[in-house]
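> Show me the folded form of this:
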Amino acid sequence: METKQAVTALAAIAQESRLAVFRLLIQAGPAGMAAGKIGEATGIPPSSLSFHLKELAHADMVTSRQQGRFVIYEANFSKAAALVAFLTENCCGGNPCMPICNPVCTTTGERSS
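Now for the predicted structure:
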(Lines give C-alpha, C1' and ligand atoms only; values in the text may rest on other atoms or scores of the structure.)
Protein backbone atom coordinates (compact mmCIF):
# COMPACT_ATOMS: atom_id res chain seq x y z
CA MET A 1 0.00 0.00 0.00
CA GLU A 2 1.24 3.45 -0.88
CA THR A 3 1.24 6.31 1.61
CA LYS A 4 -1.46 8.21 -0.30
CA GLN A 5 -3.78 5.17 -0.19
CA ALA A 6 -3.14 4.78 3.55
CA VAL A 7 -3.95 8.44 4.19
CA THR A 8 -7.20 8.13 2.20
CA ALA A 9 -8.20 4.97 4.09
CA LEU A 10 -7.34 6.47 7.47
CA ALA A 11 -9.23 9.66 6.65
CA ALA A 12 -12.29 7.61 5.72
CA ILE A 13 -12.42 5.82 9.06
CA ALA A 14 -11.30 8.82 11.12
CA GLN A 15 -14.87 9.86 11.80
CA GLU A 16 -17.11 8.35 14.49
CA SER A 17 -20.03 7.26 12.29
CA ARG A 18 -17.84 5.86 9.51
CA LEU A 19 -15.72 3.97 12.01
CA ALA A 20 -18.87 2.50 13.57
CA VAL A 21 -20.13 1.43 10.12
CA PHE A 22 -16.78 -0.07 9.15
CA ARG A 23 -16.49 -2.01 12.42
CA LEU A 24 -20.07 -3.27 12.01
CA LEU A 25 -19.25 -4.49 8.49
CA ILE A 26 -16.10 -6.19 9.76
CA GLN A 27 -18.30 -8.03 12.28
CA ALA A 28 -20.81 -8.94 9.56
CA GLY A 29 -18.10 -10.74 7.63
CA PRO A 30 -18.15 -11.56 3.92
CA ALA A 31 -21.96 -11.77 3.86
CA GLY A 32 -22.09 -8.02 4.36
CA MET A 33 -25.15 -6.10 5.39
CA ALA A 34 -27.96 -4.20 3.71
CA ALA A 35 -27.85 -0.43 4.05
CA GLY A 36 -31.14 -0.42 5.99
CA LYS A 37 -29.77 -2.88 8.54
CA ILE A 38 -26.62 -0.80 8.90
CA GLY A 39 -28.77 2.24 9.63
CA GLU A 40 -30.84 0.33 12.18
CA ALA A 41 -27.77 -1.03 13.94
CA THR A 42 -25.93 2.28 14.08
CA GLY A 43 -28.84 4.71 14.43
CA ILE A 44 -27.51 6.77 11.52
CA PRO A 45 -30.30 8.39 9.44
CA PRO A 46 -30.50 7.21 5.81
CA SER A 47 -29.35 10.51 4.28
CA SER A 48 -26.28 10.64 6.52
CA LEU A 49 -25.61 6.93 6.10
CA SER A 50 -25.46 7.19 2.32
CA PHE A 51 -22.89 9.98 2.63
CA HIS A 52 -20.75 7.91 5.03
CA LEU A 53 -20.99 4.78 2.89
CA LYS A 54 -19.97 6.83 -0.16
CA GLU A 55 -16.91 8.12 1.69
CA LEU A 56 -15.93 4.59 2.77
CA ALA A 57 -16.46 3.28 -0.77
CA HIS A 58 -14.42 6.15 -2.24
CA ALA A 59 -11.53 5.08 0.02
CA ASP A 60 -12.11 1.44 -1.08
CA MET A 61 -12.75 0.43 2.54
CA VAL A 62 -16.15 -1.02 1.62
CA THR A 63 -17.63 -2.57 -1.48
CA SER A 64 -21.26 -2.83 -2.49
CA ARG A 65 -23.33 -5.19 -4.56
CA GLN A 66 -26.94 -5.31 -5.63
CA GLN A 67 -28.90 -8.21 -4.16
CA GLY A 68 -32.46 -8.05 -5.38
CA ARG A 69 -33.79 -4.67 -4.31
CA PHE A 70 -31.16 -4.24 -1.61
CA VAL A 71 -27.65 -2.84 -1.74
CA ILE A 72 -25.36 -5.00 0.38
CA TYR A 73 -22.22 -3.41 1.78
CA GLU A 74 -19.17 -5.41 2.78
CA ALA A 75 -15.94 -4.40 4.44
CA ASN A 76 -13.00 -4.65 2.05
CA PHE A 77 -10.99 -7.09 4.13
CA SER A 78 -7.97 -7.08 1.84
CA LYS A 79 -7.78 -3.27 2.00
CA ALA A 80 -8.11 -3.37 5.80
CA ALA A 81 -5.35 -5.99 6.01
CA ALA A 82 -3.14 -3.93 3.70
CA LEU A 83 -3.69 -0.87 5.91
CA VAL A 84 -2.73 -2.79 9.05
CA ALA A 85 0.32 -4.19 7.26
CA PHE A 86 1.31 -0.68 6.14
CA LEU A 87 0.97 0.68 9.67
CA THR A 88 2.97 -2.15 11.21
CA GLU A 89 5.56 -2.86 8.53
CA ASN A 90 8.33 -1.48 10.74
CA CYS A 91 7.10 -3.25 13.85
CA CYS A 92 9.87 -4.57 16.08
CA GLY A 93 12.54 -2.46 14.41
CA GLY A 94 11.74 -3.76 10.95
CA ASN A 95 12.12 -7.40 11.94
CA PRO A 96 9.21 -9.52 10.77
CA CYS A 97 6.99 -10.79 13.55
CA MET A 98 3.82 -12.61 12.69
CA PRO A 99 1.26 -12.61 14.02
CA ILE A 100 1.72 -8.90 14.65
CA CYS A 101 3.85 -8.30 17.75
CA ASN A 102 3.83 -11.92 18.79
CA PRO A 103 6.38 -12.46 20.14
CA VAL A 104 6.08 -9.11 21.86
CA CYS A 105 8.87 -6.66 21.16
CA THR A 106 10.84 -5.25 24.05
CA THR A 107 11.60 -1.56 24.42
CA THR A 108 15.13 -2.21 23.11
CA GLY A 109 13.74 -3.56 19.84
CA GLU A 110 14.70 -7.12 20.68
CA ARG A 111 12.04 -9.77 20.65
CA SER A 112 11.03 -11.49 23.79
CA SER A 113 9.26 -14.82 23.95
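> can you pull the pLDDT of the residue nearest the centre of the chain?
Centroid-nearest residue in the chain: residue 80, 4.4 Å away (criterion: C-alpha atoms, centre = their mean). Here, the pLDDT recorded for residue 80 equals 95.
> which stretches of this structure form strands?
33-34, 62-67, 70-75 (DSSP state E).
> And the ones you listed: which comes nearest residue 48?
strand 70-75 (14.6 Å; C-beta to C-beta). Where you see a C-beta, it was placed from the backbone N, CA and C, and this is true even at glycine.
> Okay, and the beta partners of the residue lying closest to residue 30 once chain neighbours are set aside?
Leaving aside its chain neighbours, residue 30 sits nearest to residue 74 (6.4 Å; criterion: C-beta to C-beta, 6 or more residues apart in numbering). Listed beta-bridge partners, residue 74: residue 63 (assigned using DSSP bridges).
> Settle this for me: residue 74 is touching residue 34, isn't it.
No. Taking contacts as C-beta atoms under 8 Å, residue 74 lies outside contact range of residue 34: 10.8 Å.
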